[in-house]
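**Student:** fold the following.
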Amino acid sequence: VNPDDAVEVHGADALRLYEMFMGPLEAVKPWQTSQVSGVVRFQNKLFNVVKEAAKNDASVEMDEETTKILHKTMKKVTEDIENMSFNTAISAMMVLTNHLTSLKDQVPREAAEKLTLMVSPFAPHLGEECWSLLGHDDTLAYHPWVEHDEALCVDNTVKMGVQVNGKTRGEIEIPKDADQEGAMGEAMKVQSVSNQLDGKDVKKIIYVPGRILNIVAK
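**Tutor:** Coordinates of the predicted model:
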């Protein structure tokens with residue numbers, strides 16, 4: 001495969017992204033030219049997100065969900081770059097980009113700027129173009145790297161399975177410190193769980209916080 005051909009069709013950034021997204025650097029990976037289009041779509045989606053953010057001013061604030069996703073992504077990308085796990089770093093940025101896309105015309109500028117800084121080592125031309133779109137006259141090459149807040153990377157809630165007589169019947173999301181009563185309350189809101197308990201007496205409840213809720217009923 002001549003990389004010049006890929007550059008001519010998709011651009012140098014797409015080639016760089018695809019080579020790093022294929023998998024761990026130390027692994028042997030087959031080249032599939034047809035899959036380069038996947039990272040091209042990611043590039044286009046990210047660029048469109050930044051364009052939306054560029055239209056907004058500081059009044060568009062980040063909600064709690066966006067803030068947590070952003071900080072988790074900044075932590076993940078930073079650690080993955082240090083470990084040369086470039087494929088998973090790109091995956092994390094794809095998740096963040098999809099989330100920001102869902103915000104439509106309410107993309108916070110701060111989130112777009114952080115995403116631009118993170119993608120720049122992988123796609124420098126895209127990074128510089130997005131940086132310019134956001135109103136910066138200078139290059140981002142000398143801008144400080146992103147910094148995450150560890151407290152915002154910790155989930156306050158946890159998803160856990162709900163079993164009835166040993167068989168998983170549903171899933172609930174509850175605070176990490178939820179007690180058994182709170183967990184049962186959420187479990188009973190799950191239709192598939194309540195259906196299994198209809199007309200039965202609960203004999204025993206096995207609750208391991210953060211891990212599982214098993215309801216024994218007859």
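**Student:** let me know the secondary structure of the residue positioned nearest the centre of the chain.
**Tutor:** With distances taken as CA atoms, centre = their mean, Val95 lies nearest the centre of the chain, 3.5 Å away. Three-state assignment for Val95 (DSSP: H, G, I helix; E, B strand; the rest coil): helix.
**Student:** pLDDT score for it?
**Tutor:** Residue-level confidence at Val95 comes out at 97, pLDDT.
**Student:** neighbours around the nearest residue to Lys55 once chain neighbours are set aside, how many?
**Tutor:** Spatial nearest neighbour of Lys55, chain neighbours left out: Asp105 (7.1 Å); criterion: CB to CB, 6 or more residues apart in numbering. Backbone N, C-alpha and C define where each C-beta goes, glycine included. Neighbour count for Asp105, taken as other CB atoms under 10 Å: 9.
**Student:** contacts only, for Asp105.
**Tutor:** By CB atoms under 8 Å, 6 or more residues apart in numbering, the contact list for Asp105 reads Glu52, Lys55, Asn56.
**Student:** how about those residues in TSV, adding secondary structure and pLDDT?
**Tutor:** Supplementary listing: the contacts of Asp105 in TSV, determined by DSSP: H, G, I helix; E, B strand; the rest coil; pLDDT from 0 to 100:
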residue	secondary structure	pLDDT
Glu52	helix	95
Lys55	coil	93
Asn56	coil	89
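**Student:** which one among those residues gets closest to Ser194?
**Tutor:** Among those, Glu52 lies closest to Ser194 (CB to CB), at 41.6 Å.
**Student:** my guess is that closest one contacts Pro108. True?
**Tutor:** No: with contact defined as CB atoms under 8 Å, Glu52 does not count as touching Pro108 (10.1 Å).
**Student:** these two - which one has more neighbours?
**Tutor:** Using other CB under 10 Å as the criterion, Glu52 and Pro108 rank with Pro108 on top: 21 against 18.
**Student:** please name the nearest non-neighbouring residue to that one.
**Tutor:** Pro108's closest residue in space is Met62 (CB to CB, 6+ apart), at 4.5 Å.
**Student:** the contacts of Asp105 into JSON lines, with extra columns for distance to Lys45?
**Tutor:** JSON lines is the format used below for those (distance: CB to CB, whole Å):
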{"residue": "Glu52", "distance to Lys45": "11"}
{"residue": "Lys55", "distance to Lys45": "16"}
{"residue": "Asn56", "distance to Lys45": "18"}
